[in-house]
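Visitor: here you go, sequence then predicted model.
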Amino acid sequence: MSAAEMAEAAPPRLLAHLQQAGAFGADSPFGCGRIALYRSVRGASLGAGYAPAEEARELVEAGLAVWLGTGKARRLQLAQTQAPRALAVATMTVDGEAQKVVLDERESPLLWLHRRPGKDGRPQISAAEFAAGERFRAELTLAQMLPRVTVNWDAALAAGTHAPSRGPAGASDASLAARQRVRQACKRLGPELSGLAIDVCGFLKGLDAVERERGWPARSAKVVLRLALAALAEHYGLSGSAGRQPVAHFAWQAADARPAFPPRA
């Protein structure tokens, strides 16, 4: 069937799936010859069923879909959606070593704030605040403190084994060390600021969602987030970096003072 005939006919299930935002297909991990359907939602891949492999072959032959990547990373995507994604390369300093990381602007609230100027023409968060937030996320990931929302196929397909433990007994030395660093950072922030930092840096929640969940006034989450990021930058020794000046302490506050928040309703 040609591409024109497919466009005129009712779209196959696979084509209809690929036309959705963040949708893709992959070879079934069970080796059954079908195409497993997924959708990317806030950085997580959620299962959406299966489609016959024949449909994938027809879409590829018609030029409507294309396979990208190799091996387990091979994905089937709509051919028209291969435009370059909003990616950015950032340099982070971890344990004194500069590391380059690639970030997706559509998934990182911090990158969105860092790349867009405020009313004064400067980024809404400084380079130091952005680096501190991304380092905090890296620590959360290394510490395995973010919940797994996709199926662990390696564990599921290994006969006679169980999924790896996420508790202290099953953690590596690197994970345990990262958990200790996360605890120290959260202690520096306090309960309210650390909760916001985990929501935005770890779970990639947007500021609008944070304000709705916590009942905060509009545009208040960005102010509180900058307080948290400034404290993280100071904690990680990044506050001397160039960029927007960090949030200043009030004259009557001590250097390690934290703002008080009213109890939630």
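Guide: That came through, no problem. Numbers count the residues shown, from 1 in each chain.
Visitor: look up how far Pro109 lies from the nearest residue to Tyr38 once chain neighbours are set aside.
Guide: Counting by CB to CB, 6 or more residues apart in numbering, Tyr38 lies nearest to Ser45, which is 4.7 Å off, once chain neighbours are set aside. Placement of C-beta: from N, CA and C, glycine included. Distance, Ser45 to Pro109, using CB to CB, to the nearest Å: 20 Å.
Visitor: quick one: which of these two has more around it?
Guide: Pro109 (24 against 17; other CB atoms under 10 Å).
Visitor: is it true that that one touches Leu204?
Guide: Yes. Counting by CB atoms under 8 Å, Pro109 touches Leu204, with 6.1 Å between them.
Visitor: for stretch 13-31, measure first residue to last.
Guide: Stretch 13-31 has an end-to-end distance of 20 Å (criterion: CA to CA, to the nearest Å).
Visitor: in it, what's buried?
Guide: Buried positions in stretch 13-31, judged by neighbour count with 16 or more other CB atoms under 10 Å: 13-15, 17-18, 23-27.
Visitor: secondary structure element for Arg39?
Guide: Following DSSP states H and E, one finds Arg39 within strand 35-41.
Visitor: sheet partners, orientation included, of whichever helix or strand comes after that strand?
Guide: For strand 35-41, the following helix or strand on the C-terminal side (DSSP H and E) is strand 44-51. Sheet pairing for strand 44-51, assigned by DSSP bridges, gives strand 35-41 (antiparallel).
Visitor: picking up where we left off before, residues making contact with the strand holding Arg39?
Guide: Contacts with strand 35-41, where a contact means CB atoms under 8 Å, 6 or more residues apart in numbering, come from 14, 17, 20-29, 45-53, 55-56, 76.
Visitor: let's see that strand as PDB, backbone CA atoms only.
Guide: In PDB, the C-alpha atoms belonging to strand 35-41 read as follows (Å, rounded to 0.1, in the frame of the first residue of the first chain):
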ATOM      1  CA  ILE A  35       5.900  -4.100  18.000                       C
ATOM      2  CA  ALA A  36       5.600  -2.700  21.500                       C
ATOM      3  CA  LEU A  37       4.100   0.700  21.700                       C
ATOM      4  CA  TYR A  38       5.300   3.400  24.100                       C
ATOM      5  CA  ARG A  39       4.700   7.100  24.900                       C
ATOM      6  CA  SER A  40       7.200   9.400  26.600                       C
ATOM      7  CA  VAL A  41       5.600  11.400  29.400                       C
END
